[in-house]
Every structure is written in C-alpha cells, then in structure tokens.
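> take this sequence and fold it.
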Amino acid sequence: MRIPTASLALALAWMAAPALADPAPVILISIDGFRADYLDRGVSPALSALAAGGVRAERMIPSFPSVTFPNHTALVTGLVPDHNGIINNAFADPAMPAAFSMASKDERWWGESTPIWITAERAGVHSGVMFWPGVAVPHQGTLPGLFRDFDRKVSYTERVDTVLGWLDLPTDKRPALELLYFETVDGAGHSFGPDSSEVNTAITAVDTAIARLVAGLKARGIAANLIIVADHGMAPIKPGNPVFLDDLIDVPAVKVSFDGTIVGINIPDTARAKTVHDALLHHQPHMQCWDKAKIPADLHYGSNPRVPDVVCAVETGWLVLTHESFARGQTAHPGVEKGAHGYDFHDPLMGALFVANGPAFNTGQVIPPFPNVDIYPLMTRLLGITPLPNDGHLADLASTLKQ
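Okay, here's the model as predicted:
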C-alpha cells in the first residue's frame, strides 16, 4: 500500500511548474544503516540542526528487501528492486555465469536501470560521486564525470574534502549533483546491535563529517540542497538464533540463492524439489514463504526473472541460514553480529533517515513516512532534468519545497 499523496490539485500544479533556473547544487548523502529514530539520541548535533532548519521525515520506507544494494539503487533510479534489477545484496541469475555480489562490476548486472548521475551527464549536468553501489559501472559507455569507487580505507575527512574540492572546479567542470556515502553506522549496528554505545559513537563520527561539509559549503558561499538519507534501519538479533534451513527442508534438493533475513530458493523440476516446495509453503518457524507469483502485491517483488521461485520473509530479529552459509560467515553470524536488516519494510525498525535542508526546502517541517523511490524524482526536479520512468511520486514530497 502506498503512502497517501498530496491533493490532485497540488500534484498537477507541481507537475506543470517550470524547471528551476540555475539550480543550487544537490548533494545526496547516504548514511548506511542510520535508523530514523537514531536522530533523536542527542549525539548528532549537526544533523539535528539541519533537520530543525529544514525538513525531516518520521521515517523513510525502504524498498523490499530492506538491504543495502537494492535500496541504494532504488534511491538513485526511483525504481523498486524488482524493477531496478538489483534484487538483493547477493543473488543468482541463470543468464549470468556467476552470482551477483557487492563486488560485481559487470554492466549486465546493472543494466536494468539507469542511475541519476548517468541521466544528469547525458543532460549536460556534471556529477561527482564519492562511493555508491554501481558507480564504477559504465552505462553504454557513460560514467559520472567525477567519481571514486568504494574504499573503506578512505577517511571521512578525505571523502568530505574531495566532494568540497570538486565544487572548487571551474564552472564548466563543477558538478551540480554530488553523492557521498558513509558506512560506519551500519557496521556498528551489525557488530554491536542498534542499542549499543558503538552505534552512538559511529553516529557522532558521521555527524562530525557532515558538520565539516556544512562548514566547507558555508566558507565557499555555496547554498546547496542537502538530502541526507539511509538505505534501511536496524533491528536487534533475538536470542536463540539462527534457524537452520537444513533442519526444515532438504537443502541439497534445491538451489538457495540467498538466506539470512530474506530467503530465496530456486526449485529444480524434480520430485525431491517439489516436496521441499510444498513444505516451504506450509508454516515454518519465524518465516513466511510464497511462490514467486503470489508474493503480496505491496512488496512490489516477484516480476523480475532474477527473483527466485520461492521467497521467504523472515520475522524481525531472526535469521534463517543454511549450515554452509553460516560456516562461511557470509551472512549475519549471531556469535559476532548483534543487529540485522532486510526485514518487513513496514516495521519502524527498518525505517530510514530522511533530512533535507537548503534553499529549495521549507524549515522546521516534519513529514509522515514515504517510500524511498520518491527521492529520485525529487532530485531530478531540483536539478531541472527530465526523469526516466520510475516508481516514485513527486507529489509525496511537494509540500516540503518552497513554492
């Protein structure tokens, strides 16, 4: 179910309005794993000041599944994962020789959607991207004008200073769109749990970086439109984890595409696999499974050929793993990690941060939850470029902008 949009009259007026002349730079900042209510902890004064002087949401609703790569792609394409092609952080595709991972650079994995930096470049709007999933992958030969691929060894200070440095370039090379990414809050949430002091420390570190960015913009006399978001929230792992898939079904009879907080299983056409299939669709502890064609409509998932035959949503706070993946440590390990995401996107624990501040935005406004695919048409509007077809709705965020 979608979040209610603004009135029809407002929506029509918004769509008919002329493009903004000489728009201010747009800077999209992702703080991975920053749950919406982290903003109320009192450990992020720079972010709190931006929220107080701009717009914040009660929470932003991630796309299903509520994990990193699908949602970072949703934010910059306006397409839910079922439409943008990045259906999980790791998954299989029968048309591809190897499985997708967060290190995949093959353009065929990313070619089902076009990120905003490509659309901007093709429209003559320069872009600069400091880390983002897929940034180093060309789209029919096009890359962002300026970019750096993810490298966790690059300090937050260097990241901010690089983005500021790009704004010092001559006008004909200066980006009007910049993207910036911070990962520490997510890592602390996984390792120590969302209620830990380590998460608060990570929040403060990111906040310090954002304060540096704000100060750098002020020193340059640049009034940028800042859009600060997260890809998802974080939930504590409950005692008693994990549930092992091998104890529930005959794992060798099927192909497990992914497990953890969401399970995807392909079913070969064999008698053994049919038995597994039938067992999955009956009640299983701490998860609900569906045939691909019968996934609930509000999840917007199941039409993409990459989505496995059976998809299981795991109960918040639980993990469903195979013994093999548990041993590899490639999914959340309850002996080490204390937090996870990927659960029901309606759950407030999965709610993501949204703060916007700048000359285009109102001040002191709190808005109700909205889906993250709305960020894409908002950015194209601020930049004055034509969006590609997408799942977002400008009208959901029209009330946040100065009319």
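> break this structure down into its structural domains.
For the chain, whose domains are defined here by automatic domain parsing, the residue ranges read 8-15+24-235+346-400, 243-336.
> tell me the secondary structure for Arg56?
Of the three states, Arg56 takes strand according to DSSP: H, G, I helix; E, B strand; the rest coil.
> which strand residues bridge the closest residue to it other than its chain neighbours?
In space, Arg56 comes closest to Val355 once its chain neighbours are excluded; the distance is 4.9 Å by Cβ to Cβ, 6 or more residues apart in numbering. Every C-beta, even on glycine, is put in place using the N, C-alpha and C of the backbone. Under the criterion DSSP bridges, Val355 forms beta bridges with Arg56, Ile228.
> quick one: Val355 and Ile295, what's the gap?
Shown here: Val355 relative to Ile295, a distance of 32 Å by Cβ to Cβ, to the nearest Å.
> low-confidence stretches in the stretch 301-403 of the chain?
Filtered on pLDDT under 70, the stretch 301-403 of the chain yields the residue ranges 330-336.
> circling back to that earlier point, okay, now the residue nearest to Arg56: neighbour count?
In terms of burial, Val355 registers 29 neighbours under the definition other Cβ atoms under 10 Å.
> mean neighbour count, the domains of the chain: which tops it?
domain 8-15+24-235+346-400 (a mean of 20; mean count of other Cβ atoms under 10 Å).
> and that one, how far from the chain's centre?
The chain centroid and the centroid of domain 8-15+24-235+346-400 are separated by 7 Å under Cα atoms, centre = their mean, to the nearest Å.
> can you list contacts of the helix or strand containing Cys312?
Using DSSP states H and E, Cys312 falls within strand 310-314. Outside of strand 310-314, the residues within contact range by Cβ atoms under 8 Å, 6 or more residues apart in numbering are 260-267, 277, 280-281, 284, 286-292, 295, 299, 301-302, 320, 342-344.
> what does stretch 269-276 give?
The list of residues contacting stretch 269-276 from outside it, by Cβ under 8 Å, 6+ apart, reads Ile249, Asp250, Ala253, Val254, Ile265, Ile267.
> neighbouring strands - and their directions - for the helix or strand hosting the fifth one?
Secondary structure from DSSP H and E places Ile265 in strand 262-266. Paired strands of strand 262-266, with direction, are strand 255-258 (antiparallel), strand 310-314 (antiparallel) (DSSP bridges).
> turn these into a markdown table, columns for distance to Ala51.
Written out in a markdown table, the entries for the strands paired with strand 262-266 read as follows (distance: least, Cβ to Cβ, whole Å):
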| stretch | distance to Ala51 |
| --- | --- |
| strand 255-258 | 35 |
| strand 310-314 | 31 |
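> which stretch among these comes nearest Glu112?
In terms of Cβ to Cβ, the element of these nearest to Glu112 is strand 255-258, at 17.0 Å.
> who touches that closest one?
Strand 255-258 is contacted by residues 88-92, 99, 245, 263-266, 268, 308, 322, 325 when judged by Cβ under 8 Å, 6+ apart.
> which residue ranges form the strands in the stretch 201-350 of the chain?
Assignment of strands within the stretch 201-350 of the chain using DSSP state E, counting those that start in this stretch yields the ranges 225-229, 235-236, 243-244, 255-258, 262-266, 287-291, 310-314, 320-321, 339-340.
> reformat those strands as a markdown table; add distance to Ala215.
Below are those laid out as a markdown table (distance: least, Cβ to Cβ, whole Å):
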| stretch | distance to Ala215 |
| --- | --- |
| strand 225-229 | 13 |
| strand 235-236 | 34 |
| strand 243-244 | 48 |
| strand 255-258 | 42 |
| strand 262-266 | 40 |
| strand 287-291 | 47 |
| strand 310-314 | 42 |
| strand 320-321 | 45 |
| strand 339-340 | 31 |
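> out of those, which is closest to Asp32?
For those, distance to Asp32 was read as Cβ to Cβ. The smallest value, 10.0 Å, belongs to strand 225-229.
> contacting residues around Lys153?
Contacts of Lys153 were listed using Cβ under 8 Å, 6+ apart, and none were found.
> err, Asp195, not the other one
Contacts here follow Cβ under 8 Å, 6+ apart; on that basis Asp195 touches Pro236.
> all helices for the stretch 101-250 of the chain, in order.
In order along the chain, the stretch 101-250 of the chain carries the following helices (DSSP state H, counting those that start in this stretch): 107-110, 116-122, 156-166, 184-192, 197-220.
> can I get these in a markdown table with distance to Thr73 and mean pLDDT?
Putting the helices of the stretch 101-250 of the chain into a markdown table (distance: least, Cβ to Cβ, whole Å; pLDDT from 0 to 100) gives the following:
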| stretch | distance to Thr73 | mean pLDDT |
| --- | --- | --- |
| helix 107-110 | 8 | 94 |
| helix 116-122 | 11 | 97 |
| helix 156-166 | 20 | 98 |
| helix 184-192 | 16 | 97 |
| helix 197-220 | 21 | 98 |
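> nearest to Ser399, out of those?
Put simply, out of the helices of the stretch 101-250 of the chain the one that sits nearest Ser399 is helix 116-122, at 22.1 Å, with distance taken as Cβ to Cβ.
> can I have that closest one written out in PDB, keeping just the CAs?
What follows is helix 116-122 as a C-alpha-only set of coordinates in PDB (Å, rounded to 0.1, in the frame of the first residue of the first chain):
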ATOM      1  CA  ILE A 116      20.600   9.700 -11.800                       C
ATOM      2  CA  TRP A 117      24.300  10.500 -12.400                       C
ATOM      3  CA  ILE A 118      24.100   9.000 -15.900                       C
ATOM      4  CA  THR A 119      20.800  10.800 -16.700                       C
ATOM      5  CA  ALA A 120      22.400  14.000 -15.400                       C
ATOM      6  CA  GLU A 121      25.600  13.600 -17.500                       C
ATOM      7  CA  ARG A 122      23.500  12.900 -20.600                       C
END
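> quick one: contacts of that helix?
Contacts of helix 116-122 from elsewhere in the structure, counted by Cβ under 8 Å, 6+ apart, are 76-77, 126-127, 129, 135, 139, 142-145, 147, 176-177, 179, 376, 379-380, 383, 385-388.
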